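>>> make a model of this:
(4 chains)
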Number of protein chains: 2
Amino acid sequence: MTQASGLRAAKKLETWRALRAAAIELVNARGFAAVSVEEIAAAARVSKSTLFNYFDSKESLLLDPDPEDPARWRALAAARPADEPTWDGLREIVTAAICHDESKLLMRKSLIDQCQVMLEPAMAASEPFRGFIREWVGGRIPADPLLVALVVNAALAVVHTAYRGWHPEDGVPHFRTLLRRGFDTVGQGLLNLPAGSPDPAAAALNRAGPVANLAGPVSSLAGPVSSLAGPS
Amino acid sequence: MTQASGLRAAKKLETWRALRAAAIELVNARGFAAVSVEEIAAAARVSKSTLFNYFDSKESLLLDPDPEDPARWRALAAARPADEPTWDGLREIVTAAICHDESKLLMRKSLIDQCQVMLEPAMAASEPFRGFIREWVGGRIPADPLLVALVVNAALAVVHTAYRGWHPEDGVPHFRTLLRRGFDTVGQGLLNLPAGSPDPAAAALNRAGPVANLAGPVSSLAGPVSSLAGPS
DNA sequence: CACAAACTTGTACCGAGTTCAATTTTGATC
DNA sequence: GATCAAAATTGAACTCGGTACAAGTTTGTG
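As a prediction, the model looks like this:
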């Protein structure tokens, strides 16, 4: 009765994919703001009501994780050796998860680059992934939830920085390099920052590509953390 | 002509404060979702149109920085000795800026705690502060914009973690302790994380107070960074 | 006083998201 | 295969945040 027998589940997944595909197609063609949810529903041959049965918001149409993703994350985590240092394992899992689907990575970057307002919903939509790595790190450091949170947030700061510094025309390998070096830098500690002459690894980060937009009035470079760091 | 002569500017500030005060009062009394912008406008004896001349969104009514804040940030930065290590100065500036107005700090925490959806707008509203520290760090490490971004994001990860782990009933000093220890931990590097037995400093962080909600399905613990770290 | 710029206002409008009752589809049971 | 309940879909009406714009009002200046 309450069991999702084959056909029902299959149809649900089909509708989910139809909605996502319609959303991606329309938004790619005309831009996020120029497409209404009613159009997306119509393109997927479904009513607006049904659309909102599947997605919580217009943004989640584009950003919600694919139903298959959690299984992939679990596989990545299971592949890490038990005696590997936590920070190294975290780096590998995060890197692999992010870089797995290149087209999705590119779409997200272009969405967020073209439309500031997308970044916050993107954060919400990726909460499942955050929850996953939170659990994984928690398994490694069970006695200290606050340290777990700090480690996870620091790792995501690295991801965010690499993401903003990345320019797709340089290719995905470049993105992986940015990630790698960010993890190295934070892993080694920020106490002895250069005061004028960057350390070699960081200088290399910079050398790797243009970072002009990092200096601009970009609204989200510095992570969501600052919600709290607001005016005094 | 285009000069904001005394009376005009004074009236603007007055209207701004009336709107903010009305918003805080109504939201405190009845909760964010239960108050409409029209009510806030009416309470400030102003039209909805005028309200949106002053604030970009309902959230910004509560979260936009006070016009006086930037001057205070500048004063904080100017007070740092030139030869102070960057990470230490950053810690002091951020801590002082955040902890300056205790009531605002409490209001934000309660807002965000009661209403997940507030966190992202809070991030947007605090962009001016992020921009400020980005500039300050950039002045210290002028040659390496990407390292600057990494440092700023790491610092904000610390702030975010402390913020989430903080429980106001323990008092603001406790919050400052969380900040302090987070800066120390990240400053020293995350390469040698304990795998079961937390290092002393981090354990102390944990000892300082309950962190139960850190482990829950909290949607934003791990910073906005993950917008990009989404599903593979 | 006169004039222009800045500010306010009301109205009309758009689109996201909710609610709900009515209807259809699906799966299980007899 | 007929029946019945749960699940899914639908349309309609509605709320509310946010925009556009033209008309009116206030303020500073010459």
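
>>> and the residue positioned nearest the centre of chain A, its phi and psi?
With distances taken as Cα atoms, centre = their mean, A:Ser126 lies nearest the centre of chain A, 5.7 Å away. Per-residue torsions, A:Ser126: phi -90, psi 10 (degrees, to the nearest 10).

>>> show me where chain A has helices.
Taking DSSP state H as the test, the helices found in chain A are A:6-30, A:37-43, A:48-54, A:58-63, A:69-78, A:86-99, A:102-114, A:119-125, A:127-140, A:145-165, A:172-188, A:200-207, A:212-215.

>>> give the other helices and strands that the fifth one contacts.
Under the contact criterion of 3 or more Cβ pairs under 8 Å, 6 or more residues apart in numbering or on different chains; DSSP states H and E, helix A:69-78 touches helix A:86-99, helix A:127-140. Every residue, glycine included, has its C-beta placed from N, CA and C.

>>> run through who's touching it.
By Cβ atoms under 8 Å, 6 or more residues apart in numbering or on different chains, the residues outside helix A:69-78 that reach it are A:Glu92, A:Ile93, A:Ala96, A:Ala97, A:His100, A:Pro128, A:Phe129, A:Phe132, A:Trp136, B:Pro231, B:Ser232.

>>> got those residues as CSV, with distance to B:Thr86 and neighbour count columns?
Compiled in CSV, the contacts of helix A:69-78 are given as follows (distance: Cβ to Cβ, whole Å; neighbours: other Cβ atoms under 10 Å in any protein chain shown):
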residue, distance to B:Thr86, neighbour count
A:Glu92, 29, 16
A:Ile93, 30, 20
A:Ala96, 32, 17
A:Ala97, 31, 22
A:His100, 35, 15
A:Pro128, 35, 17
A:Phe129, 31, 23
A:Phe132, 33, 20
A:Trp136, 32, 21
B:Pro231, 35, 24
B:Ser232, 35, 20
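
>>> circling back to that earlier point, now the helices and strands packed on helix A:69-78 as JSON lines including mean pLDDT and distance to DNA strand C?
Converted to JSON lines, the helices and strands packed on helix A:69-78 look like this (pLDDT from 0 to 100; distance: least, Cβ to the nearest atom of the strand, whole Å):
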{"stretch": "helix A:86-99", "mean pLDDT": "94", "distance to DNA strand C": "25"}
{"stretch": "helix A:127-140", "mean pLDDT": "92", "distance to DNA strand C": "16"}
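
>>> ok, which of those helices comes nearest A:Leu191?
Comparing these against A:Leu191 with Cβ to Cβ, the closest turns out to be helix A:86-99 (16.3 Å).

>>> got a pLDDT number for A:Leu61?
Note on A:Leu61: pLDDT of 94.

>>> residues contacting it?
Taking Cβ under 8 Å, 6+ apart as the contact definition, A:Leu61 lies against A:Leu19, A:Arg20, A:Ala23, A:Val37, A:Ile40, A:Leu51, A:Phe55.

>>> can I see the domain layout of chain A?
A:3-63, A:69-229 (automatic domain parsing).

>>> one step back: can you redo the contacts of A:Leu61 as CSV with neighbour count, pLDDT and distance to B:Asp170?
Putting these into CSV (neighbours: other Cβ atoms under 10 Å in any protein chain shown; pLDDT from 0 to 100; distance: Cβ to Cβ, whole Å) gives the following:
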residue, neighbour count, pLDDT, distance to B:Asp170
A:Leu19, 23, 96, 45
A:Arg20, 20, 95, 44
A:Ala23, 26, 95, 45
A:Val37, 16, 97, 44
A:Ile40, 26, 97, 47
A:Leu51, 21, 97, 44
A:Phe55, 21, 96, 39
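
>>> which members of the residues you listed are the farthest-apart pair?
Farthest pair in the contacts of A:Leu61, by Cβ to Cβ: A:Arg20 and A:Val37, 12.9 Å.

>>> what residues does chain A put near DNA strand D?
Residues of chain A lying close to DNA strand D (Cβ under 7 Å from any atom of the strand) are A:1-2, A:4, A:8, A:11-12, A:15, A:45-50, A:53-54.

>>> re the thing from before, can the domains of chain A go into TSV with extra columns for distance to B:Trp166?
Conversion of the domains of chain A to TSV gives the following (distance: least, Cβ to Cβ, whole Å):
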stretch	distance to B:Trp166
domain A:3-63	28
domain A:69-229	9
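
>>> got the phi/psi numbers for A:Asp66?
As for A:Asp66, its main-chain torsions (degrees, to the nearest 10) stand at phi -70, psi 140.

>>> counting neighbours, what do you get for it?
If you count neighbours by other Cβ atoms under 10 Å in any protein chain shown, A:Asp66 ends up with 16.

>>> distance of it relative to DNA strand C?
Using Cβ to the nearest atom of the strand, to the nearest Å, A:Asp66 is found at 19 Å from DNA strand C.

>>> then A:Asp69?
Applying Cβ to the nearest atom of the strand, the value for A:Asp69 to DNA strand C is 22 Å.

>>> residues near that residue, how many?
A count of nearby residues for A:Asp69, using other Cβ under 10 Å, gives 20.

>>> over to A:Leu156?
As a burial measure, A:Leu156 scores 31 neighbours (other Cβ under 10 Å).

>>> pick the most buried one from the helices of chain A.
The highest mean neighbour count among the helices of chain A, using mean count of other Cβ atoms under 10 Å in any protein chain shown, belongs to helix A:145-165: a mean of 28.

>>> tell me the mean pLDDT over it?
For helix A:145-165, the mean pLDDT works out to 91.

>>> against which helices or strands is that helix packed?
helix A:86-99, helix A:127-140, helix A:172-188, helix A:212-215, helix B:145-165, helix B:172-188, helix B:200-207, helix B:212-215.

>>> show me the shaky parts of chain A.
A:1-5, A:7, A:115-117, A:120, A:193-232 (pLDDT under 70).

>>> as TSV, the helices of chain A with distance to B:Leu179 would be great.
TSV is the format used below for the helices of chain A (distance: least, Cβ to Cβ, whole Å):
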stretch	distance to B:Leu179
helix A:6-30	40
helix A:37-43	41
helix A:48-54	40
helix A:58-63	31
helix A:69-78	31
helix A:86-99	22
helix A:102-114	29
helix A:119-125	22
helix A:127-140	21
helix A:145-165	11
helix A:172-188	18
helix A:200-207	24
helix A:212-215	25
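
>>> between these, which gets nearest to B:His174?
Proximity of those to B:His174 was assessed by Cβ to Cβ; the nearest stretch is helix A:145-165, lying at 11.9 Å.

>>> OK, contacts around the closest residue to A:Gln188 other than its chain neighbours?
What sits nearest to A:Gln188 in space, not counting adjacent residues and going by Cβ to Cβ, 6 or more residues apart in numbering or on different chains, is B:Gly189, at 4.9 Å. For B:Gly189, the contacting residues are A:Val186, A:Gly187, A:Gln188, A:Gly189, A:Leu190, A:Leu191, by Cβ under 8 Å, 6+ apart.

>>> much appreciated, bye for now.
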